[in-house]
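Visitor: The sequence isn't on hand, but the structure is:
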């Protein structure tokens with residue numbers, strides 16, 4: 001049900017924007033997101049033994065309507081975080097003990113952000129920008145040790161301190177900021193109605 005609501009909100013927000021002459025559609029990947037940190041992850045984890053964290057990083061699909069130096073639109077984000085624990089004798093002291101991993105927890109995060117950006121330097125084919133976005137973040141966590149599933153909703157956000165985009169018909173973007181898109185995110189963008 002939550003997935004259907006998220007999809008409906010995104011499509012409704014993009015429907016009005018798609019009829020304009022200047023529209024940007026983006027697909028990207030982030031790293032070091034707020035959802036990953038909320039789940040106990042660290043940006044730099046040098047843990048050799050113990051818990052191992054896996055993340056997809058936030059996968060994102062975004063649509064923006066361009067108005068001069070401003071962009072307004074919506075972002076749909078998905079991120080999966082999993083935690084495994086290693087067991088066994090890693091140093092060969094007891095060869096019969098065995099080695100392996102077992103799952104501790106898996107978390108799925110679905111976030112819809114609505115926001116805007118301002119291009120403070122704008123050239124013909126590139127621009128530097130800053131911006132912010134806010135919206136609901138839905139989390140589904142399965143704890144394999146306690147055999148429980150927990151759903152929660154929280155406030156999702158993204159503060160983009162600095163972004164760069166090369167905007168031809170097909171372009172690239174990279175952003176540095178803090179929030180549910182990650183500390184660093186990048187991807188491809190498709191510009192409709194651009195010269």
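Guide: Yep, it's here. Small disclaimer: the values here were computed from a predicted structure and weren't measured.

Visitor: contacts and neighbour counts: CA atoms only from here.
Guide: Fine.

Visitor: dump the residue contacts of residue 133.
Guide: Residue 133 sits next to 113, 114, 115, 116, 157, 158, 159 when contact means C-alpha atoms under 8 Å, 6 or more residues apart in numbering.

Visitor: Filter those residues down to the buried ones.
Guide: Buried by 16 or more other C-alpha atoms under 10 Å: 113, 114, 115, 116, 157, 158, 159, out of the contacts of residue 133.

Visitor: Just confirm the first one contacts residue 76, I think it does.
Guide: Yes. A contact is recorded between residue 113 and residue 76 when judged using C-alpha atoms under 8 Å, the distance being 6.6 Å.

Visitor: How about the secondary structure of residue 181?
Guide: coil (DSSP: H, G, I helix; E, B strand; the rest coil).

Visitor: For it, list the residues it contacts.
Guide: Applying C-alpha under 8 Å, 6+ apart, we find residue 181 in contact with 29, 30, 31, 33, 34, 58, 60, 77, 158.

Visitor: Relative to residue 29, how far out is it?
Guide: Residue 181 sits 8 Å away from residue 29 when distances are taken as C-alpha to C-alpha, to the nearest Å.

Visitor: Spit out the residues that contact those two alike.
Guide: Common contacts of residue 181 and residue 29, defined by C-alpha under 8 Å, 6+ apart, comprise 58, 60.

Visitor: any idea which residue sits dead centre in this protein?
Guide: Against the mean C-alpha coordinate of the chain, by C-alpha atoms, centre = their mean, the closest residue is residue 58 at 2.6 Å.

Visitor: Now do the phi/psi pair for that one.
Guide: When read as degrees, to the nearest 10, the backbone of residue 58 gives phi -70, psi 120.

Visitor: That one is in contact with residue 184, isn't it?
Guide: No. Contact criterion C-alpha under 8 Å: residue 58 and residue 184 do not qualify, at 10.3 Å.

Visitor: shared neighbours, these two?
Guide: With C-alpha under 8 Å, 6+ apart as the test, residue 58 and residue 184 both reach 30, 31.
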